[in-house]
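*Asks:* how would this look folded up:
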Amino acid sequence: MEERQKKQLGDHLPLLVFIILYFIFQSFDWMEATKFIGAAFFGIITFFGMAAKFREEHKEEIDTPKLNFYIGLLTLLFIAIFLHGFLHWNRMLSYNLRFAFFFVLILFYFIALFGAMRKLSLYKQMLTTRKK
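*Replies:* Just a heads-up that it's a prediction; the model follows:
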């Protein structure tokens, strides 16, 4: 693999972790919300690790306020996804309403995750252009 492809693969690692774990969780006989909660948790943890590593390496070179916003947003979305899991596990609402909320949360989760990955990639790109 050339260097640019490795960099792009590294930038999309949280999404890849989510997809791989979601398909691994498909082999278990769990409810759909449980599979998504597990995959989302590990995807978010992967992003948090990448952001923490980036901040630790470059804390004096660049300020990352937007990254803090996305970390907070992803945390709130995960809490909402986890709480939504109780609706599925206890079957508190009708099937259609539960899955409508579920798909809206999935949509918001992916929008926030892609935004966070894009912002982290932008900060990395800004550092490489400064160093050149």
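
*Asks:* ok now stretch 38-55, how far from the chain's centre?
*Replies:* Relative to the centre of its chain, stretch 38-55 is centred 7 Å away, using C-alpha atoms, centre = their mean, to the nearest Å.

*Asks:* one more: stretch 3-18?
*Replies:* Put simply, stretch 3-18 sits 13 Å off its chain's centre (C-alpha atoms, centre = their mean).

*Asks:* what about that stretch, how long is it end to end?
*Replies:* End-to-end distance of stretch 3-18 (C-alpha to C-alpha, to the nearest Å): 23 Å.

*Asks:* which residues touch Phe54?
*Replies:* Taking C-beta atoms under 8 Å, 6 or more residues apart in numbering, we find Phe54 in contact with 64, 67, 120, 123-124. Yep, even glycine has a C-beta here, placed from its N, CA and C like the rest.

*Asks:* if I look at it, how far off is Glu61?
*Replies:* 10 Å (C-beta to C-beta, to the nearest Å).

*Asks:* coming back round to it: in helices, which of the contacts of Phe54 appear?
*Replies:* 67, 120, 123-124 (DSSP state H).
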